[in-house]
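S.K.: No letters, just coordinates:
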């Protein structure tokens, strides 16, 4: 029983972390064309940093979000002299979000989340079958 509880704990911690990563990816994609953020500067892509963490007293490891950092990649410079934010050369600083990479992150995150759901469902099925052994 303790082993199955560990499976649930580990999978749920991973699902929680992946959910936060998916929200970060969504925020990055939503701001891919935002020339300014609330600070007046171009939006900076966010990246989620995971960390292994003990789950329960068993010594098994789970995962949690350690921190969310701003990507330090320089802003994309786009030539748009008509834009009021353009510099003297007609260049506008745009967010450093790489839409293709964010889509890859979204797919990877979704698959990781789904794998953890499937792991929990398999553990649940094993637990249900174990409970029915003595009933026949």
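M.R.: Okay, I see it. Predicted model, so just to flag it, every value in this text is computed and none were measured.

S.K.: Now do the strands in this protein.
M.R.: In the chain, the strands defined using DSSP state E lie at 46-55, 60-70, 76-79, 91-94.

S.K.: Out of these, flag the one nearest residue 35.
M.R.: Distances from residue 35 to each of the strands of the chain were compared using C-beta to C-beta; the shortest belongs to strand 91-94, at 5.9 Å. From N, CA and C alone the C-beta is placed, and that goes for glycine too.

S.K.: Comparing the strands of the chain, which comes out most buried?
M.R.: With neighbours taken as mean count of other C-beta atoms under 10 Å, the strands of the chain reach their highest mean count in strand 91-94, at a mean of 19.

S.K.: same for that strand, what does it pack against?
M.R.: Applying 3 or more C-beta pairs under 8 Å, 6 or more residues apart in numbering; DSSP states H and E, one finds that strand 91-94 contacts strand 76-79.

S.K.: what is the mean pLDDT for the strand it packs on?
M.R.: Model confidence over strand 76-79, given as mean pLDDT, is 94.

S.K.: elements contacting it?
M.R.: With contacts defined as 3+ C-beta pairs under 8 Å, 6+ apart, the packing partners of strand 76-79 are strand 91-94.

S.K.: Leaving out the residues flanking it, which one is nearest to the residue nearest the centre of the chain?
M.R.: Within the chain, the residue whose C-alpha comes closest to the C-alpha centroid is residue 21; the distance, by C-alpha atoms, centre = their mean, is 1.2 Å. Using C-beta to C-beta, 6 or more residues apart in numbering and skipping residues adjacent in sequence, the residue nearest residue 21 is residue 48, 4.4 Å away.

S.K.: Contacts only, for the one you found.
M.R.: Applying C-beta atoms under 8 Å, 6 or more residues apart in numbering, one finds that residue 48 lies in contact with 17, 20-21, 24, 65, 68.
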